[in-house]
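Visitor: here you go, sequence then predicted model.
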Amino acid sequence: MWSSRGIVSDLKATGPVPQTGESACGCFHHARSYKIKASSHSCLPSVVARTYVPGSPGNECCMTQISENDLLYGLATRAIHAGQEPDETTGAIMTPIYQTSTYVQPALGQHKGFEYARTRNPTRDALERNVAALEGAKHGIAFASGLAATEAVLKLLKAGDHVICGENVYGGTHRLMTQVLSRLGLTFSFVDVRDPACIAKAITPSTRIVFIETPTNPMMHLADLSAIAKHTASANGQALFVVDNTFATPVFQRPIELGAHLVVHSTTKYLNGHSDMVGGIVVTSNDEVAEQLAFLQNAAGAVPGPLDCWLALRGIKTLPLRMRQHDASGRQIAAWLAGHSEVRQVYYPGLQDHPQYDLACSQMEGFGGMISFEMGSLERAKAVVEQTRLFALAESLGGVESLIGHPAVMTHASVPKMLRESMGLSAGLVRISVGIEDTDDLIADLEQALEAARGVQ
């Protein structure tokens, strides 16, 4: 029988490794160090619809796995070194960009582990191992976008299977589920993840995946990962708990430590951090699920190019440093917005009046740089987003540069208006991604933009 404990038990704590950086609650946290032991899984969970026979002709898949040594180090060290070795040919310290579509084979039926670049690429291998190590997982499977990664996870299912999803997720995720995959026979229930009991109520005999974001986009709701992991385990022992960790990153939150089976990222965002590539990744510690995802990666072909993988690897090396600045500026700007007369409400888990502040302090090691605030009307929100100078009006988030957006018109336009409004995503909501510029300059930019909204109804 499938057990949620099966995945978590693959990682055994071996003691804390000191890490610098203040936690969300003002104390110093320590990154945990892990050693991997051999997987104890004897069968694939019934959530996964087997569509191939491993090892049969034409069904080869190559699943990457981290080195055991990768998890002996703290997070900042992993970000720089995990999954990467100096190039054997030249000694180059940086992973090369293997810009090739195919590989020469020395003889018929013989190769050096690489046959075709859709199936495997050394630059992609390094990225997959690196992100898996950051999340404390065993395997990484990279894709051409965050949505492609999410779609691959949902392709583990078959017609008639049921998915529970948080109601406040990225608009593209909602669109993928309701307008694409629902036509192929999957069913979806969207619930308020702030209350774990809503997950329990939504579970049916056909539930196979529980999919959540935390913090959510853009309302900054939190989900109690440990509590939801327990509810997921009660779903006939057959459901996978999947967490989109794009907003928090493994610097501030590691869902696998709290019971998640799979973690999804849009590598486009904080992991890359420089707004110059698009990609996604799934990590897990379950060998058989990873094997099926690697098969889907090759069979469906939504793979990232080697340059994009290299750009993500390059960005990850400074991820811990960047996240500290995103977090420090985010806290200061959120507090400043909360005291501004033109702002009706601020949504940020680092504010003490956020209804889930205590959960944020216990589950996260930082609050991050994503903030949403309510201006009261579309006209007032429009006045702000069109007036900023340093905050660029653009889709996306998580880059070194600050961005500002209007979720109802931009990122969440595909979500039905009634659902948007029921969760508080109004026409007056503005979302900002706080970059790593000087905080005082960012506040001054928002000040002059908010001044433009004064008097607008």
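Guide: Nice, thanks for sending it over.
Visitor: where does Met370 fall, phi/psi-wise?
Guide: When read as degrees, to the nearest 10, the backbone of Met370 gives phi -100, psi 130.
Visitor: report the beta-bridge partners for it.
Guide: In this entry, Met370 is beta-bridged to Ser433, by DSSP bridges.
Visitor: measure it to Leu419 for me?
Guide: Look at Met370 and Leu419: by C-beta to C-beta, to the nearest Å, they are 21 Å apart. (C-beta placed from N, C-alpha, C; glycine too.)
Visitor: which one of the two has more residues nearby?
Guide: When Met370 and Leu419 are compared for neighbours, Met370 comes out ahead with 27 against 15, by other C-beta atoms under 10 Å.
Visitor: is it true that the more buried one touches Met219?
Guide: No - the criterion here is C-beta atoms under 8 Å, and Met370 misses it with Met219 at 10.5 Å.
Visitor: which non-adjacent residue is nearest Ser182?
Guide: When the adjacent residues along the chain are set aside, Ser182 lies closest to Phe188, with 6.3 Å between them (C-beta to C-beta, 6 or more residues apart in numbering).
Visitor: helix, strand or coil for the one you found?
Guide: Reduced to three states with DSSP: H, G, I helix; E, B strand; the rest coil, the structure at Phe188 is strand.
Visitor: report pLDDT for it.
Guide: At Phe188 the predicted local confidence, pLDDT, stands at 98.
Visitor: tell me how many other residues crowd it.
Guide: By other C-beta under 10 Å, 17 other residues sit near Phe188.
Visitor: can you show me the CA trace of whichever strand or helix holds Leu321 as CSV?
Guide: Assigning secondary structure by DSSP states H and E places Leu321 in helix 319-338. What follows is the C-alpha trace of helix 319-338 in CSV, where atoms were taken according to Å, rounded to 0.1, in the frame of the first residue of the first chain:
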residue,chain,number,x,y,z
LEU,A,319,20.0,32.3,-4.8
PRO,A,320,20.5,32.4,-1.0
LEU,A,321,22.1,35.8,-1.2
ARG,A,322,19.4,37.2,-3.4
MET,A,323,16.6,35.8,-1.3
ARG,A,324,17.9,37.5,1.8
GLN,A,325,17.7,40.9,0.0
HIS,A,326,14.3,40.1,-1.5
ASP,A,327,13.1,39.2,2.0
ALA,A,328,14.7,42.2,3.8
SER,A,329,13.3,44.7,1.3
GLY,A,330,10.0,42.9,1.2
ARG,A,331,9.5,43.2,5.0
GLN,A,332,10.4,46.9,4.9
ILE,A,333,8.2,47.8,1.9
ALA,A,334,5.2,45.7,3.2
ALA,A,335,5.3,47.6,6.6
TRP,A,336,5.6,50.9,4.8
LEU,A,337,2.6,50.1,2.5
ALA,A,338,0.6,49.0,5.5
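Visitor: kindly provide the distance from Lys158 to Pro205.
Guide: Relative to Pro205, Lys158 is positioned 14 Å away (C-beta to C-beta).
Visitor: compare the two (neighbour count), which wins?
Guide: More crowded of Lys158 and Pro205, by other C-beta under 10 Å: Lys158, with 15 against 8.
Visitor: sorry, back to before: who touches the helix holding Leu321?
Guide: Contacts to helix 319-338, defined as C-beta atoms under 8 Å, 6 or more residues apart in numbering, come from residues 21, 75-76, 79, 134, 249, 251-252, 270-271, 273, 343, 346, 348, 350-351, 353, 366-371, 373, 400, 432, 434-437, 439, 442-443, 446.
Visitor: alright, that wraps it up for me.
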